[in-house]
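In: Okay, structure incoming, though there's no sequence with it:
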């Protein structure tokens with residue numbers, strides 16, 4: 001994926017999302033002020049969190065997409081994870097406030113006014129969310145961006161959220177007064193769950209969690225597929241923003257010339273770069289077979305564990 005193409009798609013996705021969410025915020029604010037619905041307030045709160053998260057992602061992605069420099073030799077990708085932790089804390093606080101509001105409404109239920117307005121606003125919000133999800137799916141296909149992929153999962157959940165608000169308003173219209181605060185509490189739980197999920201994912205990136213097992217197996221298979229490679233060990237991987245970092249030791253014949261060993265490493269790097277669509281940073285150490293313990297070369301398997 002060319003750097004400029006990646007940058008274009010992720011930034012365009014953020015702009016489209018912010019425009020759609022801004023329209024939803026305006027409509028939901030109007031509906032909440034007119035009806036007093038706690039579940040509509042919950043949906044409005046979620047949209048406010050959405051646009052905050054998207055705006056932060058837009059700003060941070062501009063920094064995270066910068067190439068490596070003299071002070072940041074591994075790039076700036078971890079800035080995205082730092083922003084994620086801040087978003088998670090913000091969303092968790094909003095979820096707690098909404099839960100308290102919903103509990104208060106359980107003890108002091110009210111009859112909602114302008115229910116029809118809430119219905120139409122919920123339908124409008126569902127339509128806007130569908131536009132966001134459709135565009136983000138297209139962007140993920142072009143970029144495989146983790147940030148956009150996570151955003152897409154979140155907005156797919158918002159489809160369910162907006163449908164729940166619509167149902168709560170309809171039930172309240174037919175006299176089920178407790179539906180509105182119960183759905184508000186449910187939305188609060190949804191916000192808290194998402195904040196935990198975002199926090200965990202951000203922490204994984206900051207703590208240099210290994211790439212998924214299937215990707216590590218692909219790395220091992222590609223390296224071992226070269227005819228001059230007798231084994232691979234000490235594989236280390238992590239991801240920082242759009243860059244996947246890979247380190248490994250290749251086991252080569254003792255009598256291989258230096259230039260041939262260099263070419264083998266280049267071949268493996270090229271094959272790995274072709275396998276992964278995102279940008280990769282690969283560091284390979286070459287070991288002669290005579291210095292590698294016998295159990296490490298057996299069956300050409302990775303013995304990093």
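Out: Looks like it arrived, so ask away. Just so you know, these numbers come straight off a predicted model, no measurement behind them.
In: quick one: low-confidence parts of the stretch 151-300 of the chain?
Out: The stretch 151-300 of the chain contains residues with pLDDT under 70 at 151, 153-154, 157, 160-161, 173, 177, 180, 241, 277-278, 294-300.
In: how about the residue located most distally from the centre of the chain, phi and psi?
Out: Most distant from the centre of the chain: residue 255, at 46.4 Å, with distances by C-alpha atoms, centre = their mean. Here is the backbone geometry of residue 255 (degrees, to the nearest 10): phi -90, psi 10.
In: and residue 211, that's in a strand?
Out: No - Residue 211 is assigned coil when assessed by DSSP: H, G, I helix; E, B strand; the rest coil, not a strand.
In: re earlier: tell me how far the residue farthest from the centre of the chain lies from residue 152.
Out: Between residue 255 and residue 152 the distance is 52 Å, computed by C-beta to C-beta, to the nearest Å. For the C-beta atoms, the positions are set from N, CA and C on the backbone; glycine is no exception.
In: Next, the contact list for the closest residue to residue 99 other than its chain neighbours, please.
Out: Nearest-residue entry for residue 99: residue 188, 3.7 Å, with adjacent residues in sequence omitted and distances by C-beta to C-beta, 6 or more residues apart in numbering. Shown in contact with residue 188 (C-beta atoms under 8 Å, 6 or more residues apart in numbering): 42, 95, 96, 98, 99, 102.
In: now residue 209
Out: Going by C-beta under 8 Å, 6+ apart, the list of residues near residue 209 reads 238, 239.
In: Just read off the phi/psi values of it.
Out: phi -60, psi 140.
In: Can you tell me how far it is from residue 91?
Out: Going from residue 209 to residue 91 by C-beta to C-beta gives 22 Å.
In: repeat for residue 58
Out: Taking C-beta to C-beta, one finds residue 58 at 17 Å from residue 91.
In: who has more neighbours, those two?
Out: Each of residue 58 and residue 91 has its neighbours counted (other C-beta atoms under 10 Å); residue 91 has more, 26 against 17.
In: counting contacts, what elements does the helix or strand hosting the more buried one pack onto?
Out: Assigned by DSSP states H and E, residue 91 belongs to helix 78-107. Using 3 or more C-beta pairs under 8 Å, 6 or more residues apart in numbering; DSSP states H and E, the elements in contact with helix 78-107 are helix 38-64, helix 179-206.
In: Next, the angle from it to helix 38-64.
Out: 170 degrees (axes from the mean of the first three to the mean of the last three C-alpha atoms, to 10 degrees).
In: Heading C-terminal from helix 78-107, find the next helix or strand.
Out: helix 115-143.
In: If I take that following helix and helix 179-206, what angle do their directions form?
Out: Going by the same axes, to 10 degrees, helix 115-143 makes 20 degrees with helix 179-206.
In: buried ones in helix 115-143?
Out: 115, 117-119, 121-122, 124-126, 128-129, 132-133, 135-136, 139-140, 142-143 (16 or more other C-beta atoms under 10 Å).
In: any idea of the mean pLDDT in that helix?
Out: For helix 115-143, mean pLDDT rounds to 82.
In: Excluding chain neighbours, what is closest to residue 228?
Out: residue 264 (4.9 Å).
In: you'd agree the one you found is up against residue 250?
Out: Yes - using C-beta atoms under 8 Å, residue 264 makes contact with residue 250 at a distance of 6.9 Å.
In: shared neighbours of these two, which are they?
Out: What both residue 264 and residue 250 touch, as defined by C-beta under 8 Å, 6+ apart, is the set 229, 286.
In: and the closest residue to residue 123 other than its chain neighbours, how far is that from residue 116?
Out: The shortest distance from residue 123 to any residue other than its chain neighbours is 6.9 Å, reached at residue 166 (C-beta to C-beta, 6+ apart). Here the criterion is C-beta to C-beta. By it, residue 166 lies 12 Å from residue 116.
In: got it, and residue 134?
Out: Going from residue 134 to residue 116 by C-beta to C-beta gives 28 Å.
In: what do you get for residue 226?
Out: 67 Å.
In: Please check the contacts of residue 188 and keep the buried ones.
Out: Buried subset of the contacts of residue 188 (neighbour count, 16+ other C-beta under 10 Å): 42, 95, 98, 99, 102.
In: Which one of these is nearest to residue 62?
Out: Distance to residue 62 across the buried ones among the contacts of residue 188 (C-beta to C-beta) is lowest for residue 95, with 28.1 Å.
In: correct me, but the closest one touches residue 192?
Out: Yes - between residue 95 and residue 192 there is a contact under C-beta under 8 Å: 4.2 Å.
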